[in-house]
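**Q** Quick check, what structure comes out for this input:
(one chain, ligands or ions: 1)
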Amino acid sequence: MFKKKHVVSMRDLTRDDVEFILDYAERMMPYAKAGVRVLENRILALLFFEPSTRTQLSFDSAMKRLGGSTLSLTSEESSVLKGETLADTIKVVEGYADAIVLRHPKEGAARMASEISRIPIINGGDGAGHHPTQTLLDLYTIKKESHLDNLDIALLGDLKYGRTAHSLAYALNMFNANIALVAPEGLQMPKHIVDTLNSVRLVEDVDEVIRDVDVLYVTRIQKERFPDPTEYLRVAKSYRLTLRVLERVRENLIIMHPLPRVDEIAPEVDQTKHARYFKQAFYGIPVRMALLAILMNGSI
Ligand code: CP
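**A** Residues are numbered from 1 along each chain as shown. I've put the predicted structure just below:
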């Protein structure tokens, strides 16, 4: 049973909560294309104050597959431009919808919203903070395409600013994964997160670990979060996954990426048996359908 009202951070969830959502997503899978009308007359508000393709569209699609409808707002079209605060926006939108997905550039925005909202707040990404629904679909992908127990995984890329990597590291720790953190110098995962992980090692070159993992989780450099553009240029091309890097990897290695990709994975890797990133993006539908049904009491 899942009893939380909001989904803000993986740190708020227990392993039982996560397993409940993943099992529910599996039951939702047959309806990911066909739909199931368990949230008719319910409305989901999509408040996206930062760009998004996958999170916004997959929540929109998931809600519609459940028979509900959506309201969308971006910062360019909202009264935020006139100076309205996020708190006032939340207090207004809670009267128009039954749940809110919030993406915001400021770390902690979803937490603040959850503290004042009468309706469920789902964090769709807050600055360099958390992205819990990405993590739930990442875990679902790992469970379907590889295995969650005794997993050897490497997280590669911008682990300093990458919120998907932060949320995933917390969650993998619940499943006792062996985690290698592979980041260019200056982009390592924050120490306060590393210190919570039970089995972790820090490396700078993916060649050191790629032959020893079941999952390689690649992330892009988060250009928009760098205070100094010259610092971005220094690291922009510091890693790239090519066919050469994949020589002699484990037969069942899967490669994941939350997307968008810039050029950290060469396009020819898409054709290999290891690539799972587009399937991973699709799994956002059953997972987000499950989460919406759970939070809005639309059981299947
Ligand atoms: N993975 C992810 O959050 O993608 P978007 O930024 O396109 O939503």
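
**Q** Tell me the predicted confidence for Val36.
**A** Predicted confidence (pLDDT) for Val36: 98.

**Q** How about Leu187?
**A** In this model, Leu187 is scored at 92, pLDDT.

**Q** In the stretch 1-150 of the chain, where is pLDDT below threshold?
**A** Scanning the stretch 1-150 of the chain with the threshold set as pLDDT under 70 gives no residue ranges.

**Q** and it, which of its residues are near the ligand?
**A** 52-55, 125, 134 (CB under 6 Å from any ligand atom). Where C-beta positions appear, they are placed from N, C-alpha and C, glycine not excepted.

**Q** would you turn the residues you listed into CSV with neighbour count?
**A** Compiled in CSV, those are given as follows (neighbours: other CB atoms under 10 Å):
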residue, neighbour count
Ser52, 18
Thr53, 10
Arg54, 17
Thr55, 25
Gly125, 26
Gln134, 25
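
**Q** Distance check, the closest residue to the ligand within the stretch 201-300 of the chain against Gln280.
**A** Taking CB to the nearest ligand atom as the measure, the stretch 201-300 of the chain has Pro258 as its residue closest to the ligand, at 3.8 Å. In this view, Pro258 and Gln280 are 8 Å apart by CB to CB, to the nearest Å.

**Q** tell me, what's touching the two both at once?
**A** Counting by CB atoms under 8 Å, 6 or more residues apart in numbering, the shared contacts of Pro258 and Gln280 are Asp138.

**Q** coming back round to it: regarding the residue nearest to the residue of the stretch 201-300 of the chain closest to the ligand when sequence neighbours are not counted, what is its secondary structure?
**A** Taking CB to CB, 6 or more residues apart in numbering as the measure, Pro258 lies nearest to Thr164, with 4.3 Å between them; neighbours along the chain are not counted. Using DSSP: H, G, I helix; E, B strand; the rest coil as the criterion, the local structure at Thr164 reads helix.

**Q** Tell me, how many residues neighbour Thr164?
**A** The burial metric for Thr164, expressed as a neighbour count using other CB atoms under 10 Å, is 25.

**Q** same question, the one 4 residues further on
**A** Per other CB under 10 Å, the neighbour tally for Leu168 reads 28.

**Q** what's the answer for Ala34, then?
**A** A count of nearby residues for Ala34, using other CB under 10 Å, gives 7.

**Q** Next: Asn252.
**A** The local packing of Asn252 (other CB under 10 Å) involves 12 other residues.

**Q** what does the one 5 residues further on give?
**A** Residues lying near His257 (other CB under 10 Å) number 25.

**Q** And for Met29?
**A** The tally of other residues near Met29 (other CB under 10 Å) stands at 16.

**Q** and the gap between it and the ligand?
**A** Met29 is 20 Å from the ligand, where distance means CB to the nearest ligand atom, to the nearest Å.

**Q** Help me confirm that that residue comes into contact with Met289.
**A** No - contact between Met29 and Met289 fails when scored by CB atoms under 8 Å: they sit 9.0 Å apart.

**Q** follow-up on the earlier one: Pro258 and Gln280: which is more packed in?
**A** Per other CB under 10 Å, whichever of Pro258 and Gln280 has more neighbours is Pro258, with 28 against 25.

**Q** Appreciated, that's everything.
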